[in-house]
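[1] could you look at this predicted model? Sequence included:
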Amino acid sequence: MPILNRDRYPYLNSNNIEYRDDTYAFQLRNWDDAKYFYVEFLIGASLSINLDSWIPPFYQNLIRGESNTYLVLNNSHEAFHSVVEAIYKFIIIEGKIPANKIILISESADVHEVVKTVAVQNNLPCINVEWVMMFKAGVKQQRSFQISDPTYKNFNTLEIKSYPKRYLNFNRRWRMHRPSLVALLVAYGILDQGHVSLGKSDCGTEWPHTFNWIKQRLSSDQYLLDKLTAHEQKILSLPSLYLDTENLRDNRADLETTTDSFYSSSLVSVVSETNFFPEFEVGRFLSEKTWKPVAYKHPFIMVSVPRTMKLLRQLGYKTFHPYINEEYDGETDPVRRLRLIVEELERICNFTDNKLLDFIEGVRPKVEHNFNLLMNTDSFITKTL
């Protein structure tokens, strides 16, 4: 069998090992061209678990000795660049698995550049890297099921009508750019012009734990700092913000009909992607948060790391300039980037009726193109190194 441990593969959590028998990754790649020992892992520290406890020595020897046998390390649930150093330290140097016998699968479009750097630092060869878009595949598959379901009531976006809610912004886990964004929506006076969620999630963070960090992190922009300070009490007293559900502890990666009305009653999505501030992670990561508005024909602003919109264009998707100012995508200073995003959103919130009509007519061909490209995509994994 090409995947040697297909029916029972290890998933390495922070400090323990779970065993699983299925994964969507099995559908996204050709596994018949070699032999593979398959592993999924959460973070780099997971790889410090004793190698013998999750790769039996028999399979280790196969990987080391047979030219067509590989160790697959799948980190596709995330886009963590920090895992690369851990692979070299724990698997290659300490575990003595040859670098050329390792395949890293990641959702980061850029992790191969980190591999090149770490390989040089350790005077070792590069591992193999494959960029997978598992979330894209999942959204495409689910949207196909929805459309083909005769009981599903489809909806339209970008209709010519009034939009009292100009934007849609889902937030679950309190990654720091998300409460920073919501705080600025309050400070700019446009929170009530959007559908916004931000409540208790699995990380347990709330405003009293977060606001001082936000002020300090954004303090390089005195204007933003003054606005945040002026609205501090209003921000600190924000209730939990819910849209279709109060359950923000569970991952909301699936398409759910309970969100349809929010897409149809707003102009743009404000996509709070996984990565933003560089002190946390820097990989360009296109999760389901990006692909949902594509599947629903909804234009979007990307709250993410620089060059994410550029990445989408490289994949053939059309972004929304000049109808949305996308200057923010090239801005490397995260504070400046966040300000550009909020001020563009403020502009959209203040559209006159004529501007609204121009916007809808201008972006409609773009969202149609993007939807068709997504639904006709068949390849979701690319070898980048």
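    The structure has been received and is ready for your questions. Numbering: from 1, shown residues only.

[2] in a helix, that's where residue 373 is, yeah?
    Yes - under DSSP: H, G, I helix; E, B strand; the rest coil, residue 373 sits within a helix.

[3] which residues touch it?
    By C-beta atoms under 8 Å, 6 or more residues apart in numbering, residue 373 lies in contact with 316-317. Bear in mind the C-beta positions are built from the backbone N, C-alpha and C, glycine included.

[4] with residue 187 instead?
    Counting by C-beta under 8 Å, 6+ apart, residue 187 touches 224, 227-228, 230-231, 235.

[5] give me the three-state assignment for residue 203.
    Going by three-state DSSP: residue 203 is coil.

[6] and it, its phi and psi?
    The phi/psi pair for residue 203 (degrees, to the nearest 10) reads phi -90, psi -10.

[7] my guess is it contacts residue 173, does it?
    Yes - using C-beta atoms under 8 Å, residue 203 is in contact with residue 173, at 5.2 Å.

[8] compare the two (neighbour count), which wins?
    Ranked by neighbour count (other C-beta atoms under 10 Å), residue 203 and residue 173 place residue 173 first, with 15 against 12.

[9] assign a three-state SS to the more buried one, would you?
    Applying three-state DSSP: residue 173 is coil.

[10] circling back: now the contacts of residue 187: which count as buried?
    Neighbour-count burial (16 or more other C-beta atoms under 10 Å) applied to the contacts of residue 187 gives 224, 227-228, 231, 235.

[11] okay, and which of these map to helices?
    Among the buried ones among the contacts of residue 187, the members falling in helices (DSSP state H) are 224, 227-228, 235.

[12] what's the nearest residue to residue 126 if we skip its chain neighbours?
    Leaving aside its sequence neighbours, residue 126 sits nearest to residue 119 (C-beta to C-beta, 6 or more residues apart in numbering; 4.6 Å).

[13] what's the burial count for that neighbour?
    Residues near residue 119, counting by other C-beta under 10 Å: 18.

[14] pLDDT at the closest residue to residue 66 other than its chain neighbours, what is it?
    Excluding its sequence neighbours, the residue lying closest to residue 66 (C-beta to C-beta, 6+ apart) is residue 35, at 7.0 Å. Looking at residue 35, its pLDDT stands at 97.

[15] what's the farthest-apart pair in the buried ones among the contacts of residue 187?
    The span of these, defined through C-beta to C-beta, is set by 224 and 235 at 12.6 Å.

[16] can you pull the contacts of the residue lying closest to residue 124 once chain neighbours are set aside?
    For residue 124, ignoring the flanking residues on the chain, the nearest one in space by C-beta to C-beta, 6+ apart is residue 99 at 5.4 Å. Shown in contact with residue 99 (C-beta under 8 Å, 6+ apart): 88, 92, 119, 124-127.

[17] any idea how far residue 99 lies from residue 86?
    Separation of residue 99 from residue 86 (C-beta to C-beta, to the nearest Å): 14 Å.

[18] what sits in contact with each of the two?
    Contacts common to residue 99 and residue 86, judged by C-beta under 8 Å, 6+ apart, are absent.

[19] whatever helix or strand residue 58 lives in - what's its average pLDDT?
    Taking DSSP states H and E as the definition, one finds residue 58 inside helix 57-65. The predicted model assigns helix 57-65 a mean pLDDT of 97.

[20] contacts only, for residue 314.
    Residue 314 makes no contacts at all, as judged by C-beta under 8 Å, 6+ apart.

[21] next one: phi and psi at it?
    Dihedral angles (degrees, to the nearest 10) for residue 314: phi -60, psi -30.

[22] and if you look at residue 169?
    Main-chain dihedrals, residue 169, degrees, to the nearest 10: phi -140, psi 100.

[23] isn't it up against residue 273?
    No - judged on C-beta under 8 Å, residue 169 makes no contact with residue 273 at a distance of 11.7 Å.

[24] who has more neighbours, the two?
    When residue 169 and residue 273 are compared on other C-beta under 10 Å, the one with more neighbours turns out to be residue 169, at 26 against 20.

[25] tell me the contacts of the more buried one?
    Neighbouring residues of residue 169 by C-beta under 8 Å, 6+ apart: 181-182, 185, 194-197, 269-270, 272.

[26] likewise residue 223?
    Here residue 223 is in contact with residue 339 (C-beta under 8 Å, 6+ apart).

[27] distance of it relative to residue 15?
    In terms of C-beta to C-beta, residue 223 sits 44 Å off from residue 15.

[28] equivalent analysis for residue 250, please.
    From residue 250 across to residue 15, the span is 22 Å (C-beta to C-beta).
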